[in-house]
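Chemist: What shape does this take:
(one chain, ligands or ions: 1)
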Amino acid sequence: MSDPKSLAYQLSYWEWDTFFRDVDIVVAGSGIVGLSAALRARELAPHSRIIVLERGTLPIGASTRNAGFACFGSVSELLDDMASHPEDAVWALVERRWKGLQRLRQRIGDTRLRYASWGGYELFRAEEQETFEQCAEAIPAFNRQLKEMLGINEAYRLANEQINSFGFRGVANLICNTAEGQLHAGEMMLALMGLAREAGIEMYNGISVQSLEDDGAGVNIRSGYGWSIRSRRVIVATNGLAQQLMPSVAVRPARNQVLITEPIPGLPVKGTFHYDRGYYYFRNVDGRLLLGGGRNLDLEGETTSEFGTTPLIRSALVKLLKDLILPSQPVTVSQWWSGIMGVGGRKSPVIAPISDNIVVAVRLGGMGVAIGMLVGEEGAELLLG
Ligand SMILES: Cc1cc2nc3c(=O)[nH]c(=O)nc-3n(C[C@H](O)[C@H](O)[C@H](O)COP(=O)(O)OP(=O)(O)OC[C@H]3O[C@@H](n4cnc5c(N)ncnc54)[C@H](O)[C@@H]3O)c2cc1C
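Modeler: Predicted coordinates:
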């Protein structure tokens, strides 16, 4: 493979004059946050020239590679969060996740998103009895809070009667979140790209932003090819890779590995499922089972921005699939992939100015389907407000 720089590829006058002249806003990264930021920027600055630069041929971070859970928090996840964050902050994040999902559904529409309200479930093994009891005890107070804050009726309920119908082995208890849903992440992104095009936003793929230099009057943007363009303002929405551009931003990459099976006749699993404190997740999609997680088995190794799957995590996922999720029928894995999330010490996004003309909107953890639209919009508002 030749290094693009060795091709001495410089922009021609025509390319510069046509594609990159008089640019008002550049968005780096075309995931859910980048596209949402670009759409909001269009609303705030209707006559501006807005360009999205994406390093991949597709948006290749997390937005096209996730599990498509439209979730705002399982009981154990919220209890876990409350152990390390103030309770108010935890509920504020739940509210943002819920509102972000409504915004996404409103922007794109449930049919296009292939949104399904089949509920979300949390599984507990017999050895997790203590955790389960803490969760069960928290349900009435959590339901009151969700009713008061978001108008959701009886969001969480015990669902042990469904364990057998799902066909699980070794699951002692089940809690259902009746307000959780699922969507098709590919359709979500394709729809957002369509909206961006309709809004006159230009999207260029295969261009990696290598560095940004704000001189007060605008930003010089150097591409991976070596040539630079200039924009009045920049929004950085590169999530898990943000430190490559801005080392001061407290976000690190976190890889997640995923498998999907061949179609399974009569698949008994329907809904979204969280297991082992959320380290594993699975759902039905098109008659197949999608399963991901296991990052906790090698946290150091999975702190990487490189795509890939590893024997350790692959075998853990296959074991879970065959022993617990689908123990009584043959199942074949058809595809593996990975995605890169952006995480940090605190479970909250970073939406902040980096300089006069650069704003960053990153670090969405495992919540970006839910909060991505809001984070992008807030990034654009911060830049242009
Ligand atoms: C396997 C997996 C499962 C998940 N499941 C769920 C789920 O079920 N529900 C949920 O809410 N969230 C889930 N998430 C998290 C969610 O997908 C992310 O939080 C969300 O997609 C982040 O969106 P983003 O736009 O910030 O980042 P990304 O989608 O990662 O977009 C960033 C983009 O920037 C591009 N980029 C990076 N560096 C550069 C550069 N220098 N120049 C140009 N472009 C660049 C990348 O190629 C990428 O396309 C999951 C994540 C993964 C990985």
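Chemist: State the number of residues packed around the closest residue in space to Val362 that isn't next to it in sequence.
Modeler: Spatial nearest neighbour of Val362, excluding adjacent residues (C-beta to C-beta, 6 or more residues apart in numbering): Ala242 at 4.4 Å. The way it works is simple: take the backbone N, C-alpha and C, and place the C-beta from them, glycine included. As a burial measure, Ala242 scores 27 neighbours (other C-beta atoms under 10 Å).
Chemist: tell me the mean pLDDT for the helix or strand containing Ala242?
Modeler: Using DSSP states H and E, Ala242 sits in helix 242-245. For helix 242-245, mean pLDDT rounds to 94.
Chemist: Show me what it is packed up against.
Modeler: Contacts defined by 3 or more C-beta pairs under 8 Å, 6 or more residues apart in numbering; DSSP states H and E place helix 242-245 against strand 209-214.
Chemist: Show me which positions of the next helix or strand after the strand it packs on end up buried.
Modeler: Tracing the chain past strand 209-214, the next element assigned as helix or strand by DSSP H and E is strand 219-223. Within strand 219-223, the residues that count as buried by 16 or more other C-beta atoms under 10 Å are Val219, Ile221, Ser223.
Chemist: Take the residues you listed and lay them out in CSV including pLDDT.
Modeler: Formatted as CSV, the buried residues of strand 219-223 follow (pLDDT from 0 to 100):
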residue, pLDDT
Val219, 98
Ile221, 98
Ser223, 97
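Chemist: Counting neighbours, what do you get for Cys176?
Modeler: Neighbours of Cys176 using other C-beta under 10 Å come to 20.
Chemist: what does the one 10 residues further on give?
Modeler: Gly186 is flanked by 14 other residues according to other C-beta under 10 Å.
Chemist: Return the residues in contact with it.
Modeler: Thr64 (C-beta atoms under 8 Å, 6 or more residues apart in numbering).
Chemist: and if you look at Ser63?
Modeler: Gly31, Ile32, Val33, Ala185, Met188, Met189, Gly368, Val369, Gly372.
Chemist: again, 10 Å this time
Modeler: By C-beta atoms under 10 Å, 6 or more residues apart in numbering, the contact list for Ser63 reads 29-35, 185-186, 188-189, 192, 237, 239, 339, 364, 368-369, 372.
Chemist: what does Glu154 give?
Modeler: Per C-beta under 10 Å, 6+ apart, neighbours of Glu154: Ile139, Pro140, Asn143, Leu146, Lys147, Cys176, Thr178, Ala179.
Chemist: returning to that earlier point: same question for the helix holding Ala242: list its buried residues.
Modeler: Using 16+ other C-beta under 10 Å as the test for burial, helix 242-245 gives Ala242, Gln243, Leu245.
Chemist: now the strand or helix carrying Val360: mean pLDDT?
Modeler: Per DSSP H and E: Val360 is located in strand 358-362. Across strand 358-362, pLDDT averages out at 98.
Chemist: Now it - C-alpha only, CSV.
Modeler: What follows is strand 358-362, C-alpha atoms only, in CSV (Å, rounded to 0.1, in the frame of the first residue of the first chain):
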residue,chain,number,x,y,z
ILE,A,358,-13.2,25.3,17.9
VAL,A,359,-15.8,23.3,19.9
VAL,A,360,-15.5,19.7,20.9
ALA,A,361,-18.6,17.3,21.3
VAL,A,362,-17.3,13.9,22.3
